[in-house]
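need coordinates for the below:
(2 chains)
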Amino acid sequence: KAGVTQTPRYLIKTRGQQVTLSCSPISGHRSVSWYQQTPGQGLQFLFEYFSETQRNKGNFPGRFSGRQFSNSRSEMNVSTLELGDSALYLCASSLAGQANQETQYFGPGTRLLVL
Amino acid sequence: AQSVTQLDSHVSVSEGTPVLLRCNYSSSYSPSLFWYVQHPNKGLQLLLKYTSAATLVKGINGFEAEFKKSETSFHLTKPSAHMSDAAEYFCVVSANSGYALNFGKGTSLLVTP
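So this is what the prediction gives:
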């Protein structure tokens, strides 16, 4: 079974631009979560989607948004990029998103550099 | 709120010696706890998880962790380190919502020959 895939793997943008990252979950998984990893703040939860609905959102500004499609694939968008948005963005999938019980499977991440 | 504190940001061991990575948790109720490993340029991989069953949890690659409620700890151990164990290790607790994970700051494990 194929793992979680994320595209693109690397991205360079300039301040003020917007960016869209994509995540394809493991086949059969309906929950997709997004995390931001930076050296200073570590790994922080962005949001979680299940059946095209956002169920939970972390403490990030409204510039960070996401969506999920009917095939469970998910995208996240960051508008008006800031230097501090440079990070590794990780996507995780699971069957039902019950993080306290299920194993979350992580993709390799998209490394975003904002200049 | 659920949170974890990893007590060491860096740990260095010699190959063949025991590994101990320390983690304390804070939780208002019985938590679900995990250890994840991240090798350079690779995604996060689950090592083991505790979900209120046996307090001693065995994971992959010879790692295990013991849940100690009285000490609010969930330390990760391995009897004998291998060079391939060099990586970043994260202690993780599930958030109140149940839909998210709260990660510790990570412990970088260095294994020397």
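
can I get stretch B:70-82 as CSV, trimmed to CA atoms?
Presented in CSV, the C-alpha positions along stretch B:70-82 are these (Å, rounded to 0.1, in the frame of the first residue of the first chain):
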residue,chain,number,x,y,z
SER,B,70,3.0,8.5,39.8
GLU,B,71,5.9,10.2,38.1
THR,B,72,4.0,11.5,35.1
SER,B,73,6.7,10.0,32.9
PHE,B,74,7.0,8.1,29.7
HIS,B,75,10.7,7.5,29.1
LEU,B,76,12.0,5.7,26.0
THR,B,77,14.7,3.1,26.4
LYS,B,78,16.7,0.7,24.3
PRO,B,79,19.2,-1.8,25.7
SER,B,80,21.8,-1.4,23.1
ALA,B,81,22.2,1.5,20.7
HIS,B,82,22.9,1.0,17.0
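
which bits of chain B sit near chain A?
Among all residues of chain B, those adjacent to chain A (criterion: C-beta under 8 Å from any C-beta of the partner chain) are B:31-32, B:36, B:41-46, B:49, B:51, B:90, B:94-95, B:97-106. Using the backbone N, CA and C atoms, a C-beta is placed for each residue, glycine as well.

and the residue most central in space within chain A, what does it touch?
Residue closest to the mean C-alpha point of chain A, counted by C-alpha atoms, centre = their mean, is residue A:34 at 3.1 Å. Shown in contact with residue A:34 (C-beta atoms under 8 Å, 6 or more residues apart in numbering or on different chains): A:23, A:45-48, A:66, A:74, A:76, A:89-92.

all set now, cheers.
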